[in-house]
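Undergrad: Could you look at this predicted model? Sequence included:
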Amino acid sequence: MARGWESKSVENQIDLATQKSEHQESVHEAKSRKGQENHTREMELLRLARSNITQKLDATENLRYQKQLKDALAEIDSQIAALAAKK
């Protein structure tokens, strides 16, 4: 028995809705994964910058430069804390 036009249309609408839902889920997963990768990358860059500043701080005897480095270190620490709180 042949199906009528209306039942085919309903079936197509259901298929399209299912495909759209699956596509939205995969897009959401990709964005979530990309967001996690960005978070990890930013955290690693901040840690590397902190390590670099700490090494420079240990190597210098200039008080003005030490002050600048300590200020930079405090800023990086606050950025790390803010990024950790986002997670």
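TA: Perfect, thanks for sending it.

Undergrad: What are the boundaries of the helices in the protein?
TA: For the chain, helices defined by DSSP state H occupy the ranges 5-59, 63-86.

Undergrad: weakest of those helices in terms of mean pLDDT?
TA: Lowest mean pLDDT within the helices of the chain: helix 5-59, at a mean of 82.

Undergrad: Off-centre distance for that helix?
TA: Centroid separation for helix 5-59 versus its chain: 7 Å, with C-alpha atoms, centre = their mean, to the nearest Å.

Undergrad: hmm, back to that, turn the helices of the chain into JSON lines, including mean neighbour count.
TA: No exception for glycine: its C-beta is placed from N, CA and C like everyone else's. Converted to JSON lines, these look like this (neighbours: other C-beta atoms under 10 Å):
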{"stretch": "helix 5-59", "mean neighbour count": "11"}
{"stretch": "helix 63-86", "mean neighbour count": "13"}
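
Undergrad: Please report how far the residue nearest the centre of the chain lies from T54.
TA: The centroid of the chain falls nearest to G35 when counting by C-alpha atoms, centre = their mean (2.7 Å). Between G35 and T54 the distance is 29 Å, computed by C-beta to C-beta, to the nearest Å.

Undergrad: now swap in T60 and tell me
TA: 11 Å.

Undergrad: Also K86?
TA: On the measure of C-beta to C-beta, K86 and T54 end up 24 Å apart.

Undergrad: Check N62 too.
TA: Distance from N62 to T54, by C-beta to C-beta: 16 Å.
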